[in-house]
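Participant: the sequence isn't on hand, but the structure is:
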C-alpha cells in the first residue's frame, strides 16, 4: 500500500441493481421520518458518499435531526458517516459545521453507556484532523479511568493513534500509559497499553517488563505474545540484551497457549544458537505438532522444524530428537506423515538408525492390520521407501528389514508391493551375505503373489540369484506348482468337459511350511474348504495370468527357466540329471507356447513373446558358452551398472545440498543493508515480524531478474493507444492466489473527466473481487486504480474491459475507451517438482487430458531445445543427465511440474535431428502434455507454442 493512498476502513457491499435515491427524498426522510426511516436514509447516504457523491446539502440536516438521537443503531451509522464524509473545504480548511459534531462526540465520550463510549473512542482512532481532536483530549484521558475494560482498552488505542499522528496534542502519552499499565488488571487493556509502549517508547516498555519479568508466565496469552515481540525486536536491534531476556523466553515455552509457544520457540532460535536453546525450541515444536488437531498448523510447524535442520550446527541437536519427531506419525494425514518421514530420514545417523528402523517396522505391521483406508496403501509405500533408503545408507539394517517387508509382496496393492520388490532387488545385488535369506523368504511368499507385475519381478530375482542346486530345484518346484498340471491345453479341455474335477488338481499341490511369530511351524494346505463358484478361481496363479492372455509373464518365465537351467548344467555333473532338468524347462516353455496359440486364453500370445520363448528354447537346445555368459553375467552387470549410476546421482545431489547449506562468508563480501536488499536475499538476520507483514501484504517478490526494477517493467501491459483521450497501462502483480492490477490512467485531454470508471470482466477461472470506484480526472491529470482478481486454478486467463467517463459540461452520452486484453501467464503458478518413474507412469496412465504439440522451431541442437522448453515452461526434467548426454540424432525426456493449487502436469518430449537435411536443419518431433484438467493441458500447450514462435523471430 503506497503512502499516497487514503487508508480505507470501511467496505460496504451494495446490490448493483438498486436505484440511487434523490437528495430531496433523503432530506425528507432524515427530517421527518421515524427512527426506522432515518436509519434507512442514513445507510443510503453512506453508500452514495462511498460511491463518490458529495451531498453537501445533507450535512446540516444530519447534524440537526439525526445527531441528537440516542438510538444505538443510528449512533453506529453516524460513526461510519463521520469517518467517510469530507470534513474540509476545497482549500483544506475545516468545515464550520464540524465544531457542532465535535461537541456531540465530547458528550458521547461522557455517556453513561460503555458501548457508546468505547465505539466513539474507536472512531477517534480513524480521525486525521487535529482541530477536531484537540477539544476532546480531556474526555479521552478521563476514559482511561472508566470502570469498564472495553472503554479503557479503546481509550489506550485512541491515545496511541493520536500520539502517533499528532504528538503535540498529548506529549506525555508514554508516561501516562506506563502509569496506567502498572495499575491495570485487565489482560486486554494491559496488552494494548504494552503494545503502545513498544512502538512509542521502547525503554519504558522494557522498564515495565523488567519489573514483572518473573510473573510473565502468569499473564494472559495476548499479553505474552506482545512481550515475545518486544523481546525479539530489542534483541534484534541490540544483541547485547539477549542474556537479560532469554530466561523469559524459556519460561514462555511452557505457556498454555499454542500461539505463544510457537512464537517463543521461533524467537528463541533467532536469539540463541546454543544446543540447549535449539533442543528446547525443537521439543516445543514437536509438542505443538502432536497436540494441535489442525493439519495446516501441523504442516506449518513441521516446516519450521525443517528450516531448523537446514542449519548445519542445529542438525546434530535435532538428530537426538528423531524418536520424538516420529511420534508425529500418529497423525492420520498423509501429507504430515510424508514430511515427517522425510525429515526423520534426513536426520538419521548411525546412532539412531536402529531405533528408527524398529519404529518404522512397527508402523508397517500396523498398516497391515488397519481396516482399509484410502491412504493406508500410500502410507505403506512411504514407509517401505523410507526403510529402503535406511537400508541402502546403513547396510547393517537390511537383515532386520527384509523379512518384514517381503511379507508385503503378496499385497493386493501393486504399488506398495512394487516398492518392496525394487528394494529387494537392490538389496540382493548389493549385499551378498543376505542372498540366502532373501532367496529363502522369496520362495516362501512366491505362491501368494497376486499381481502379475510383482510375479514377473519375483521370477527375475529368483532366476538371477539362485545359485545352489537346492535353490534351483525349489524354483522349478514353485514354477510347476503355480502353473498346475501340464500340458496346460489338454488339462484345461478336460476340465471344461468335466473329466477332471478342479479339486483333484488343487489338492495335488504340496502343503507348505510357514513359521509363526512364536517360531513354531504351522502347515497350510492349498486345499480350499469351500468350493469357489467360478472355475477361474481354482486355477494356480501363473496359469490364471496366462489364461487371462498376459503372455509377457510367460516370456519372463522362459528367461528365468533358461538362466536356472544353464546354471544347473554348470553345477551338476550328472548328464542324466542335466538333461532331465533342461527337458523339464523346455517342456514348460512349449506347453505355454501351445496354450498361447490355442483359443483357450482371453487374448492370444503376441509375436514378441513367441520370439522370446522360441529364443530361450534354442539357447537351451544348444547350450553355447556365449549364450551362457549373456544370460547369467551380462544381465546382472546391467543391473549393477544401473544401481551404481543411481547411487552416484544420489551422492551428487546430497553433496550439492550440503554445499548449499554450508554458507561461508568471505572477508571481501559486501555488507547487506535491508533497505537495499532484494526480498529473496533476506536471511534470518532480518526482522521476521517485518518480513511476515510484507508477506501478508503481498509485497514479497520472486527472483525474476537481476534488476528488480527491470523485472517489474516486464510485467507492464499497455492497455490503450497513445492517441486515445485516456491512456492506460497496467502492472500485473501475481501474488499466489490473487492478482493485483495496478492501472495507471492518464487524461490526455484538456477537459475534466467525471465518473471515470474502470470496468473489468474476466475469462477463465478468474474472479473480480471488487468493482473499482469511479474518480474525477483534471485536465492532463493521472491516477492509479487498483483491482484485485482471485485465481482458482491453473489455466490461462484473460482480463478485458474498458474505461468509461463523462466530459464535464458536455451533453453527449458517456464516452468509452476499449482496453487491450491482459493475458495472465500460467507460468506464475507452475513450479518445478520431482516424482519417481513409477509415479510418473501411474499419473500418465490416469490423466485423461492430452495435448500433442508439434515442434516448430529454428533451434538446431537437441539439448539446447530441451533447455529452452524447461526454461519457458518452468518444468523439471526427470530423465537423468547421463541418459541425455552424447549425441545420437534423437532424444526422449520426461518433464514434470506442479501448480500452487496442487495440480500435476506431465510432458514427454520426443525430438530428433534430421541429419540427412544437413547440420543447420532445425529440431523436429512432438511434445505430449498430460494433465488432470483440460485447462492445464491446453494452457501448457499454448505456452510451448508461444515460446517456440518467439524463437523463430
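Facilitator: That came in fine, so what should we check first? As the structure is a computational prediction, the values presented were derived from the model and not from experiment. Numbering: from 1, shown residues only.
Participant: which stretches of the stretch 601-750 of the chain have low pLDDT?
Facilitator: Applying pLDDT under 70 to the stretch 601-750 of the chain flags the ranges 624-625, 627-633, 636, 646, 650-651, 653-712, 736.
Participant: spell out the residue ranges of the strands in it.
Facilitator: Along the stretch 601-750 of the chain, the stretches classed as strands by DSSP state E, counting those that start in this stretch are 716-718, 726-735, 738-747.
Participant: show me what the helix or strand that the last one is followed by packs onto, helices and strands only.
Facilitator: This means strand 738-747. Per DSSP states H and E, strand 738-747 leads on to strand 753-763 as the next helix or strand towards the C-terminus. Here strand 753-763 touches strand 726-735, strand 738-747, strand 766-768, strand 775-777, strand 782-791, strand 797-807, going by 3 or more C-beta pairs under 8 Å, 6 or more residues apart in numbering; DSSP states H and E. C-beta coordinates here come from the backbone N, C-alpha and C atoms, glycine included.
Participant: give me the average confidence score over strand 753-763.
Facilitator: Strand 753-763 shows a mean pLDDT of 86.
Participant: any idea of the angle that strand forms with strand 797-807?
Facilitator: Here the directions of strand 753-763 and strand 797-807 differ by 160 degrees (axes from the mean of the first three to the mean of the last three C-alpha atoms, to 10 degrees).
Participant: contacts for strand 753-763?
Facilitator: For strand 753-763, contacts defined as C-beta atoms under 8 Å, 6 or more residues apart in numbering pick out 52, 726, 728, 741, 743, 745, 747, 768, 771-777, 783, 785, 787, 789, 797-808, 814.
Participant: so which bits of it are buried?
Facilitator: Within strand 753-763, the residues that count as buried by 16 or more other C-beta atoms under 10 Å are 753, 754, 756, 757, 758, 760, 762.
Participant: of these, which is the nearest to residue 23?
Facilitator: Taking C-beta to C-beta as the measure, residue 754 is the one of the buried residues of strand 753-763 closest to residue 23, at 17.4 Å.
Participant: hey, where'd the strands end up in the stretch 801-950 of the chain?
Facilitator: Under the criterion DSSP E, counting those that start in this stretch, strands of the stretch 801-950 of the chain are mapped to 815-818, 822-824, 830-832, 849-854, 876-877, 890-899, 904-912, 924-931.
Participant: nearest to residue 224, out of these?
Facilitator: Closest to residue 224 of those is strand 830-832 (C-beta to C-beta; 36.9 Å).
Participant: if we can go back for a sec, in a markdown table: the buried residues of strand 753-763, plus distance to residue 289.
Facilitator: Shown next, in a markdown table, are the buried residues of strand 753-763 (distance: C-beta to C-beta, whole Å):
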| residue | distance to residue 289 |
| --- | --- |
| 753 | 57 |
| 754 | 58 |
| 756 | 53 |
| 757 | 50 |
| 758 | 46 |
| 760 | 43 |
| 762 | 39 |
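Participant: give the burial count for residue 569, as a bare number.
Facilitator: 18 (other C-beta atoms under 10 Å).
Participant: buried only: go through the contacts of strand 753-763 for me.
Facilitator: 726, 728, 741, 743, 745, 747, 768, 772, 774-777, 785, 787, 789, 797, 799-806.
Participant: contact partners for the residue nearest to residue 284 when sequence neighbours are not counted?
Facilitator: Spatial nearest neighbour of residue 284, chain neighbours left out: residue 265 (4.3 Å); criterion: C-beta to C-beta, 6 or more residues apart in numbering. Counting by C-beta under 8 Å, 6+ apart, residue 265 makes contact with 253, 280, 281, 282, 284, 285, 288, 304.
Participant: one more pass at 10 Å, please.
Facilitator: Listed by C-beta atoms under 10 Å, 6 or more residues apart in numbering, the contact partners of residue 265 are 228, 249, 252-253, 277-278, 280-285, 287-288, 301, 304-305, 308.
Participant: so among the residues you listed, which ones count as buried?
Facilitator: For the contacts of residue 265, buried by 16+ other C-beta under 10 Å: 228, 249, 252-253, 277-278, 280-282, 284-285, 287-288, 301, 304-305, 308.
Participant: neighbours of the closest residue in space to residue 882 that isn't next to it in sequence, just the number please.
Facilitator: Nearest residue to residue 882, sequence neighbours excluded (C-beta to C-beta, 6+ apart): residue 645, at 6.2 Å. The number of residues packed near residue 645 is 13, by other C-beta under 10 Å.
Participant: so what's residue 645 up against?
Facilitator: By C-beta under 10 Å, 6+ apart, the contact list for residue 645 reads 880, 882, 883.
Participant: I'd guessed the first one sits against residue 834; true?
Facilitator: No. Between residue 880 and residue 834 there is no contact, the gap being 11.7 Å when judged by C-beta atoms under 10 Å.
Participant: returning to that earlier point: so which of the strands of the stretch 801-950 of the chain is nearest residue 330?
Facilitator: strand 890-899 (27.6 Å).
Participant: hmm, back to that, which two of the buried residues of strand 753-763 have the greatest separation?
Facilitator: Using C-beta to C-beta, the two most remote members of the buried residues of strand 753-763 are 754 and 762, lying 26.7 Å apart.
Participant: from residue 457, how far off is the residue nearest to residue 882?
Facilitator: In this view, residue 645 and residue 457 are 20 Å apart by C-beta to C-beta, to the nearest Å.
Participant: what's the answer for residue 494, then?
Facilitator: Residue 494 is 33 Å from residue 457, by C-beta to C-beta.
Participant: could you do residue 339 as well?
Facilitator: 30 Å.
Participant: what do you get for residue 263?
Facilitator: According to C-beta to C-beta, residue 263 and residue 457 sit 51 Å apart.
Participant: among residue 494 and residue 457, which residue is more densely surrounded?
Facilitator: residue 457 (21 against 14).
Participant: wait, is the more buried one part of a helix?
Facilitator: Yes. Assigned with DSSP: H, G, I helix; E, B strand; the rest coil, residue 457 falls within a helix.
Participant: so, low pLDDT: which residues of the stretch 451-600 of the chain?
Facilitator: Residue ranges of the stretch 451-600 of the chain with pLDDT under 70: 488, 496, 498-538.
Participant: where do the helices sit along it?
Facilitator: Counting by DSSP state H, counting those that start in this stretch, the stretch 451-600 of the chain has helices at residues 452-465, 469-483, 488-497, 502-507, 541-547, 552-571, 575-597.
Participant: turn these into a markdown table, columns for distance to residue 199.
Facilitator: Shown next, in a markdown table, are these (distance: least, C-beta to C-beta, whole Å):
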| stretch | distance to residue 199 |
| --- | --- |
| helix 452-465 | 65 |
| helix 469-483 | 77 |
| helix 488-497 | 86 |
| helix 502-507 | 83 |
| helix 541-547 | 74 |
| helix 552-571 | 73 |
| helix 575-597 | 83 |
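Participant: closest to residue 827 out of those helices?
Facilitator: From the helices of the stretch 451-600 of the chain, taking C-beta to C-beta, the stretch that ends up closest is helix 452-465, at 36.9 Å.
Participant: that closest one - contacts with which helices or strands?
Facilitator: On a contact count with 3 or more C-beta pairs under 10 Å, 6 or more residues apart in numbering; DSSP states H and E, helix 452-465 meets helix 414-430, helix 435-445, helix 469-483, helix 541-547, helix 552-571, helix 635-661.
Participant: quick one: buried residues of stretch 158-177?
Facilitator: 158-163, 166, 169-170, 173-174, 176-177.
Participant: for the residues you listed, give me a markdown table that also has distance to residue 572 and pLDDT.
Facilitator: As requested, the buried residues of stretch 158-177 are exported to a markdown table (distance: C-beta to C-beta, whole Å; pLDDT from 0 to 100):
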| residue | distance to residue 572 | pLDDT |
| --- | --- | --- |
| 158 | 99 | 90 |
| 159 | 100 | 91 |
| 160 | 95 | 89 |
| 161 | 96 | 90 |
| 162 | 101 | 90 |
| 163 | 99 | 89 |
| 166 | 103 | 86 |
| 169 | 106 | 86 |
| 170 | 104 | 87 |
| 173 | 100 | 87 |
| 174 | 98 | 86 |
| 176 | 102 | 88 |
| 177 | 97 | 87 |
